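Engineer: Okay, structure incoming, though there's no sequence with it:
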């Protein structure tokens, strides 16, 4: 059992129809048929959406995504139409709302990895492969790969876990041409972002993208290159062979699995509320990632 500890009720906004409540984002459709995407301050971990929010998190994700969309505009189009607040929307939506094109979404999480960790490391330790791709012997947690790899995953519902799949499975599901385009775009965007982050003292270990089609055009959608969708590591602390310091929800994960929380993640009990020090430390990491990458004070 997993999912929302306390599922929020969608807000009713004149002219908007609520479509979906996700782990972090709420989706609406406006009268023009465009998507209205609102990034909340919700935090998810271990397939649960926690009862405690992280202040400003949704705004950080939205503003960082917008910055990245600008850096990538010459590589791939994106789905953003406007950042204007819809008429009648609550003031709290300011800075966390995007009006976006309605696309035919591809049902694949497009993951690029430049370093070995997480589920990729777990598979490598068993088979010396990641998503069926053979890798050299001798790699450890945090090792840089010889070249970035495309390691797609299925998209899971709230409370479920994404599952890595092979490139061949993506080609079977989407068609060979679409699979090839997804791989090319994913690796091109990852490589550009990796180089930009590296200039700012940050390692982009891996990241996931979502794409959709507008006609025949492949379009980058959802969020991009945020601490929720990516592993960012401080370059000056990178040391292969151990878990890396990171700009993400690691404070949350560490506390939830500590004796202090009293929570057994293998049980069916929902996780407890986060203490204030964990909330503050997590918010600070999200803000620091934004500031280091963009060069702009939050």
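Structural biologist: Thanks, I have the structure now. Small disclaimer: the values here were computed from a predicted structure and weren't measured.
Engineer: residues in contact with residue 227?
Structural biologist: By CB atoms under 8 Å, 6 or more residues apart in numbering, the residues touching residue 227 are 60-61, 247-249, 285-286, 289. Bear in mind the C-beta positions are built from the backbone N, C-alpha and C, glycine included.
Engineer: roughly how far apart are the residue lying closest to it once chain neighbours are set aside and residue 91?
Structural biologist: Excluding its sequence neighbours, the residue lying closest to residue 227 (CB to CB, 6 or more residues apart in numbering) is residue 248, at 4.4 Å. Relative to residue 91, residue 248 is positioned 28 Å away (CB to CB, to the nearest Å).
Engineer: just residue 226 next, same as before
Structural biologist: 23 Å.
Engineer: the more surrounded of the two?
Structural biologist: More crowded of residue 226 and residue 91, by other CB atoms under 10 Å: residue 226, with 27 against 6.
Engineer: Contacts only, for the closest residue to residue 221 other than its chain neighbours.
Structural biologist: Spatial nearest neighbour of residue 221, chain neighbours left out: residue 79 (4.4 Å); criterion: CB to CB, 6+ apart. Contact analysis of residue 79 by CB under 8 Å, 6+ apart lists 35, 100-101, 103, 212, 219-222.
Engineer: so where do the helices sit in the stretch 151-298 of the chain?
Structural biologist: Using DSSP state H, counting those that start in this stretch, the helices of the stretch 151-298 of the chain run over residues 167-174, 176-199, 250-256, 276-294.
Engineer: what's the least confident stretch among those?
Structural biologist: The stretch with the lowest mean pLDDT among the helices of the stretch 151-298 of the chain is helix 250-256, at a mean of 91.
Engineer: Would you mind pulling up the elements that that helix packs against?
Structural biologist: strand 44-45, helix 276-294 (3 or more CB pairs under 8 Å, 6 or more residues apart in numbering; DSSP states H and E).
Engineer: in that helix, what's buried?
Structural biologist: 250-252, 255-256 (16 or more other CB atoms under 10 Å).
Engineer: Among the residues you listed, which one lies nearest to residue 116?
Structural biologist: Of all the buried residues of helix 250-256, residue 116 sits closest to residue 250, with 17.4 Å by CB to CB.
Engineer: wait, what's in contact with the closest residue to the closest one other than its chain neighbours?
Structural biologist: Leaving aside its sequence neighbours, residue 250 sits nearest to residue 285 (CB to CB, 6+ apart; 7.8 Å). Neighbouring residues of residue 285 by CB under 8 Å, 6+ apart: 227, 246-248, 250-251.
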